[in-house]
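Chemist: Return a 3D structure for these sequence lines:
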Amino acid sequence: MTGADDRKVVEAQIGRPLRADSEVVSRCHLGLPVVVRVPPLLDDGTPFPTLYWLTCPLAATRIGRLEGTGGVRRMDSKAEADPDFAQALRDAHESYRAERAAAASDGPGPLPSGGVGGSAAGVKCLHAHYAHTRSGGDNPVGALVEAWIEPLDCEGACVTGDRLDPNWARRA
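Modeler: All right, here's what the predicted structure looks like:
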């Protein structure tokens with residue numbers, strides 16, 4: 001993190017303490033974290049398969065709606081029907097896997113494996129694909145999700161001090 005303030009904001013956004021130091025890699029128009037980069041091994045040595053973690057509550061809510069209406073299934077169907085999309089998805093998994101492997105160091109336990117969100121193939125979680133895209137990754141699923149949920153146009157901050165502001169959703 002760039003500081004204790006970022007850590008407090010992220011913890012408020014996700015509703016729990018962080019399990020490892022993480023770096024903010026994407027911010028919203030209000031300057032708040034949207035995505036953090038998590039190390040491949042958490043502080044206690046636990047492998048963490050997701051390199052990029054979505055923290056923005058507005059993006060998470062919007063993506064949750066997409067997933068709730070069959071968004072993961074639609075993306076898998078698109079990959080089955082469109083060879084170019086399928087290849088781009090395989091490439092995204094491979095680049096993600098390689099980036100995480102390059103960041104990994106030998107630890108006390110097994111290292112994480114898989115591509116986006118720890119998946120070996122296909123689409124496991126739209127949140128993870130979007131976080132990959134939002135962090136600068138070339139991800140066809142994340143790019144579609146980005147087009148569907150952005151702009152992240154909150155009128156006010158989702159976090160005040162070190163707490164999720166209960167009124168932010170009404171301003172979103």
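
Chemist: Secondary structure element holding residue 153?
Modeler: Using DSSP states H and E, residue 153 sits in no helix or strand.

Chemist: Hmm, it is touching residue 30, no?
Modeler: No - using Cβ atoms under 8 Å, residue 153 is not in contact with residue 30, being 9.9 Å away. Quick note: C-beta positions are derived from backbone N, CA and C, even for glycine.

Chemist: Quick check on those two: which one has the bigger neighbour count.
Modeler: Ranked by neighbour count (other Cβ atoms under 10 Å), residue 153 and residue 30 place residue 30 first, with 14 against 11.

Chemist: and that one, how far is that from residue 162?
Modeler: Per Cβ to Cβ, to the nearest Å, residue 30 is found 16 Å from residue 162.

Chemist: Same question for residue 149.
Modeler: Using Cβ to Cβ, residue 149 is found at 26 Å from residue 162.

Chemist: Equivalent analysis for residue 24, please.
Modeler: According to Cβ to Cβ, residue 24 stands 16 Å off from residue 162.

Chemist: hang on, the earlier thing: which one of residue 149 and residue 162 is surrounded by more residues?
Modeler: residue 149 (19 against 12).

Chemist: For that one, which non-adjacent residue is closest in space?
Modeler: residue 62 (4.0 Å; Cβ to Cβ, 6 or more residues apart in numbering).

Chemist: Then residue 22?
Modeler: With Cβ to Cβ, 6+ apart as the criterion, residue 22 has its nearest non-adjacent residue at 4.0 Å, and that residue is residue 36.

Chemist: so the one you found sits in a strand?
Modeler: Yes - assessed by DSSP: H, G, I helix; E, B strand; the rest coil, residue 36 belongs to a strand.
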